[in-house]
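Undergrad: what follows is a predicted structure for the sequence shown.
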Amino acid sequence: MHEICSMSVLVVSATALEIEPFLSIHPDADYLITGVGLSSALYHLTKRIHQFDYDMVLQVGLAGTFNDHLKFGTAVVVQKDRFADLGIWQNQKVISVYDLGLSDPNEFPFQEGWLINNKSDKIAVNSIFANALTVNLLTDDNVYIEAMKMKFNADIESMEGAALHFICLQEKIPFLQIRGISNKVGERDKSKWNVKDAIYASNQLLSEIYQSLKK
């Protein structure tokens, strides 16, 4: 039995851990655990939204940051995301499918290669906003990381965010991506991460937005 609310809202996360605090407060919320990575997120989210009609999809999860100004244990709302590693890594340069002329960077739902949520600031008022990259491979290679950062001028990195943007823009479903900052991009020593506070902050923001949609 789902919570009765004014909007039909689906809450999405890659893992149960990343959504645990929210579900402890809203145990009857309609939610979906997609699994880690783009392939799983694309398949399971597409399948669910073709089974049920949703007014809004909210995604929550962890992210690494490229920039020191985004502190560990804080939550951000993603305004635009992209499939960042769709292309070639050659001569220590990131060459996208758009650079190669293999795709049109402005073919719907893309805008200059980005998947933009134009309604993010209206849904999540007074939040910290960020631009994100979605990747299939996490690495500690500083040359690669710096090249990605310089190429796209993004703030954070995840493994599923662009899937949400791509599907919801295609299906014309309002959406919001919330990320908790847990680590520096490239840092593989998890003792230097702050997963606990990142999950708490992202779930707190998720809960606030979710409750506002119920009114």
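TA: All right, it came through fine. Keep in mind that what you see is a predicted model, and the values were worked out from it rather than measured. Residues are numbered from 1 along each chain as shown.

Undergrad: any idea how far the closest residue to residue 113 other than its chain neighbours is from residue 111?
TA: Among residues not flanking residue 113 along the chain, residue 105 sits closest, at 4.2 Å (C-beta to C-beta, 6 or more residues apart in numbering). In short, each C-beta sits where N, CA and C put it, glycine included. Distance from residue 105 to residue 111, counting by C-beta to C-beta, to the nearest Å: 8 Å.

Undergrad: so where's this protein shaky on pLDDT?
TA: For the chain, the stretches with pLDDT under 70 are 1-5.

Undergrad: need the single longest helix in it, by residues.
TA: Once the chain is assigned using DSSP state H, the helix that runs over the most residues is helix 195-214.

Undergrad: list of residues touching that helix?
TA: Residues outside helix 195-214 that contact it (C-beta atoms under 8 Å, 6 or more residues apart in numbering): 3, 5-7, 9, 11, 17-22, 25-26, 29, 56, 58, 60-62, 72-75, 77, 123-124, 127, 176, 178-182.

Undergrad: just the ones of those in helices?
TA: Judged by DSSP H, helices contain the following of those: 20-22, 25, 123.

Undergrad: which ones are touching the spatially most central residue of the chain?
TA: What sits nearest the mean C-alpha location of the chain, by C-alpha atoms, centre = their mean, is residue 161, with 2.9 Å. Neighbouring residues of residue 161 by C-beta under 8 Å, 6+ apart: 59, 61, 63, 78, 81, 132, 134, 177, 179.

Undergrad: mutual contacts of residue 105 and residue 111, please.
TA: Shared contacts of residue 105 and residue 111 (C-beta under 8 Å, 6+ apart): none.

Undergrad: show me which residues of stretch 59-72 are buried.
TA: Residues of stretch 59-72 classed as buried: 59-66, 70, 72 (neighbour count, 16 or more other C-beta atoms under 10 Å).

Undergrad: hang on, the earlier thing: buried ones only from the contacts of helix 195-214, please, as a PyMOL command.
TA: Buried residues among the contacts of helix 195-214 (16+ other C-beta under 10 Å), as a PyMOL selection:
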select buried, resi 5+9+11+18+19+21+22+26+29+56+58+60+61+62+72+73+74+75+77+123+124+127+176+178+179+180+181+182
